[in-house]
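**Q** any chance you can model this:
(2 chains)
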Amino acid sequence: MSLLLKNISLPLAHFTLEVNIEMQRRVTAVFGPSGAGKTSLLDLIAGLRRAQSAFIQLEDRVLTDTTKSISVATHQRGIGYVPQDLALFPHLSVRQNLLYGSKSGRAGNLLFSFEHVVEVLEIEPLISRGVTQLSGGEKQRVALARALLASPRLLLLDEPLASLDTALKAKIIPYLTRVRDEFRIPMLCVTHDRFEALALADEIVVLVNGQVLQAGPVLDVFNRPASADVAKITGVETLQPGIIADVNEGLATVKIHDMTLTALAPATGTREVFVCIRGEDVILQREAAVASSVRNRLSARIVALRTEGALVRVELDAGFPLFALVTRPACTELALREGEQITALIKAPAIHLVPR
Amino acid sequence: MTADEWQVVWFTAWVSALSTLLILPFGLALAWALARRDWPGKSLVETFVTLPLVMPPVATGLILLEVFKKPGVIGGVLHRLNCDVVFTWRAVLLALSVMSMPLLVRSARVAFEEVNPRLEQIARTLGAGSWRVFFTITVPLASRGIIGGMLLAFARALGEFGATIMVAGNIQGKTQTISLAIFENVQIGDDSHAYRLLGVSVVLAFLAVWGSEFFLRRKKTT
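**A** Predicted coordinates for the structure are as follows:
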C-alpha cells in the first residue's frame, strides 16, 4: 500500500491536526491517546470531513487536493470504514447490512465472494438475525465483513477493540489478523492500545495533539522512541521478538535469543510472539539466591543509567536489552553503577506475550 | 346518510389524502434541508413554513385568496393557463396543503435530526450516493416520525375550516368539506344533518390514528 498524506491541516477544538506522512506498509497503526485527532484523520481520508488544506493520494489516485479543488466523493473513494461505534444499520438484518456495499454499483469487480467473507469471519449462524440481537464481538465481525464486501482498496479501522472487554479482545484479534492475511487489504488502524498495535501493525504512526511525533516500523518505534513523549505513550520499555518453546499448565517458556523466560501463555496458539516488559515491573537486587516466588531471575550487566524525574531508567544487558525503572533513593541505596553485574527479577504475569 | 352527505365525506377524504401526498416530497425535502444543512435564509424559510400554524387560518386564507385570485399575479397566469384556483376544488387542495405543511415538516425534521449522521456517512463509504443513502438509511430510520407527521397533516386537512372558506368558499357539491357542511347545517338549524357528519368525522379520525398505530406497531416488531 502507499497512502500519501501531505500538508494536512485541520483545525480542531484544541489544536490543529497537522500530518505529513507516507504510509508504505500493509498495516499501519495510528497510535496515540484519546483526543489526539486520530478519528478526524480517518474521516479526512474517507472524505467525510474537509480539511483546510490536504493532499491525499492512495496508490496512484489523488483523492483530495485542496490546491486544485479536487475532492473525490466519499462513495467513489473505495475506502472501507469501520467506525468505533460500528454504525450497523439497525433497521436492516445482518444479511442486508452485509450486502449493502456490494449493491453499490461496484458489484462488477467484487474482490471477495460473500461466502468467503462470511466463512472467514464465521458469520453464517448470524446471517438472518437483526443487528440489535448481536453481541459486541459479533457486531464487530459483521461490521468488518460489511466493509470488506464493498471491495475497498483500503480499510480504515477506528479503535476496533476499544469497546470490547479483555476476553473478547483476545477473540477478535485473530479475526483481524485473518482479514489482514486472507484478504490482503491494506489497513489503517487507529488505536490507543499498544498490544493491539503490536498484534496487527507493521508500521506505526504516533499521533499526539494533532502532531506526528514518530513514524516507522513497530519494533523501531517501541524500542527506540524518538523522544520522552513517545516513550511515555508507548509505555513498554522492553520489547523483544521471542519464540514460545513450551506451554505447560498455562505457563509458557519463551526464548529470546538463548535466554529463557517464564510467562503466562497467550490465548492463541501462535509460537512467534513479542515479549513486552514494563520498566516498573523489573526488580533489581544485589544479593543473588534468596528464595522468592519470582519466576524469572536474570543476571544482567548495567549498561547505562538515566535519571527521569523521580525515577532512574536503568538499561541492562541480560542477554537482550532490558530496561528497569527504579526510584532515585533505591538507585542510591543499591549504589548502582554502569558496568556492574546485578540480578533482575520479573514475575511471570508481568511479562506480556503478544502474537506477532 | 344522504347522497349529498356521502359526496361531502368522500370529497373531504380524498382531497385531504391528496394534499398530504402533494406536500410529502416538498415537506420531506425541506425537513431534510432544515435538519442536515446550513444555508443562508434558513431561519427565514423556517419561520415562513411555521407561519400557517400560528396565524389565524382565516388570515392565511385571505393571503392565499389575494395571491391566487384572477387579477392577482399567480392567479392571472393560472387563469391564462385555464387553471383557475379560487372557489374551485383546487383552492381546497391549496388551503389544506398550506395549512398542514408545517405539521409534516416539523415532525419530519425532528425525525431526520434523530438519525445518527454516522450511519449515513458509513453508508457513503460503502459506495452509496446521496439519493441511495436518503432512501435506504435516512427515510427508513425516520419513518416513524414521517408517518406521524403525515397523519397529523392528514388530520389537520380533514378538519380545516378557516383558510378553506376564505379561498374556496362554501359551495355545495363543489368545495364543501365536512367542516364547512357541519357549520352550514348548524347555522340553518339542520342539527341531525350536522350530527351525522360529526359522527363520520369522528370515525375518520379514529381510523386514521388507529391505522397508523397499528402500522407502527407492526413495523417495530419486524
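**Q** C-alpha only now, for contacts and for neighbours.
**A** Noted.
**Q** which one's the longest helix in chain B?
**A** helix B:3-36 (DSSP state H).
**Q** just give me the neighbour total for B:P57.
**A** The criterion is other Cα atoms under 10 Å in any protein chain shown. On that basis, B:P57 has 21 neighbouring residues.
**Q** report the separation between B:T175 and chain A.
**A** In this structure, B:T175 lies at 43 Å from chain A, with Cα to the nearest Cα, to the nearest Å as the measure.
**Q** apart from its chain neighbours, what residue comes closest to that residue?
**A** Counting by Cα to Cα, 6 or more residues apart in numbering or on different chains, the nearest residue to B:T175 once its immediate chain neighbours are dropped is B:W89, at 5.3 Å.
**Q** can you report how many residues neighbour the closest residue to chain A within chain B?
**A** When scored by Cα to the nearest Cα, chain B has B:G127 as its residue closest to chain A, at 4.0 Å. By other Cα under 10 Å, the residues close to B:G127 number 28.
**Q** how much space between it and A:Q76?
**A** When Cα to Cα, to the nearest Å is applied, the distance between B:G127 and A:Q76 equals 6 Å.
**Q** can you check A:P186 too?
**A** The spacing between A:P186 and A:Q76, counted by Cα to Cα, is 18 Å.
**Q** where does pLDDT dip in the chain?
**A** Using chain A. For chain A, applying pLDDT under 70 flags the ranges A:103-110, A:228, A:236, A:288-289.
**Q** sorry, should have said chain B
**A** When residues are selected by pLDDT under 70, those of chain B lie in B:215-216, B:218-222.
**Q** that one: strands as residue ranges?
**A** According to DSSP state E, chain B carries no segments that qualify as strands.
**Q** just checking, A:T270 touches A:V354?
**A** No. Judged on Cα atoms under 8 Å, A:T270 makes no contact with A:V354 at a distance of 9.3 Å.
**Q** out of these two, which sits in the more crowded spot?
**A** The residue with more neighbours, out of A:T270 and A:V354 and counting by other Cα under 10 Å, is A:V354; that gives 24 against 12.
**Q** then that one would be within a strand, right?
**A** Yes. Remark: A:V354 belongs to a strand, assigned using DSSP: H, G, I helix; E, B strand; the rest coil.
**Q** so what's the closest residue in space to A:L3 that isn't next to it in sequence bridging to?
**A** With sequence-adjacent residues excluded and distances taken as Cα to Cα, 6+ apart, A:L3 is closest to A:L58, at 4.7 Å. With DSSP bridges as the criterion, A:L58 is bridged to A:L3, A:R61.
**Q** for A:L58, what are its contacts?
**A** A:M1, A:S2, A:L3, A:L4 (Cα atoms under 8 Å, 6 or more residues apart in numbering or on different chains).
**Q** so who does B:L197 touch?
**A** The neighbourhood of B:L197, defined by Cα under 8 Å, 6+ apart, consists of B:E5, B:V9, B:I178, B:A181, B:I182.
**Q** please apply the same query to A:R306.
**A** With contacts defined as Cα under 8 Å, 6+ apart, A:R306 is in contact with A:V312, A:R313, A:V314.
**Q** quick check: phi and psi at residue 85.
**A** Picked chain A for this. phi -90, psi 10 (degrees, to the nearest 10).
**Q** try again with chain B
**A** Comment: the main-chain dihedrals of B:V85 come out as phi -110, psi -60, following degrees, to the nearest 10.
**Q** burial measure for residue 141, as a count.
**A** Assuming you mean chain A. A count of nearby residues for A:R141, using other Cα under 10 Å, gives 21.
**Q** chain B was what I was after
**A** 22.
**Q** check the one 10 residues further on too.
**A** By the measure other Cα under 10 Å, the count of residues near B:L151 is 22.
**Q** what of A:P329?
**A** When counting by other Cα under 10 Å, one arrives at 12 neighbours for A:P329.
**Q** ok, it to chain B distance?
**A** A:P329 is 53 Å from chain B, where distance means Cα to the nearest Cα.
**Q** part of a strand, is that residue?
**A** No. Judged by three-state DSSP, A:P329 forms no part of a strand; its state is helix.
**Q** what about the residue nearest to B:Y195 when sequence neighbours are not counted, neighbour count?
**A** Here the nearest residue to B:Y195 in space, its sequence neighbours aside, is B:I182; by Cα to Cα, 6+ apart that works out to 7.7 Å. Close neighbours of B:I182, defined as other Cα under 10 Å, add up to 20.
**Q** same question, B:G72
**A** Counted by other Cα under 10 Å, the residues lying close to B:G72 total 14.
**Q** pretty sure A:R141 is in contact with A:V120, am I right?
**A** No. Here A:R141 does not reach A:V120: they are 9.9 Å apart, not a contact under Cα under 8 Å.
**Q** returning to what we had before: quick one, what contacts the closest residue to the residue of chain B closest to chain A other than its chain neighbours?
**A** In this structure, B:G127 finds its nearest non-sequential neighbour in A:H75, 4.0 Å apart by Cα to Cα, 6+ apart. By Cα under 8 Å, 6+ apart, A:H75 lies in contact with B:R124, B:T125, B:L126, B:G127, B:A128, B:G129.
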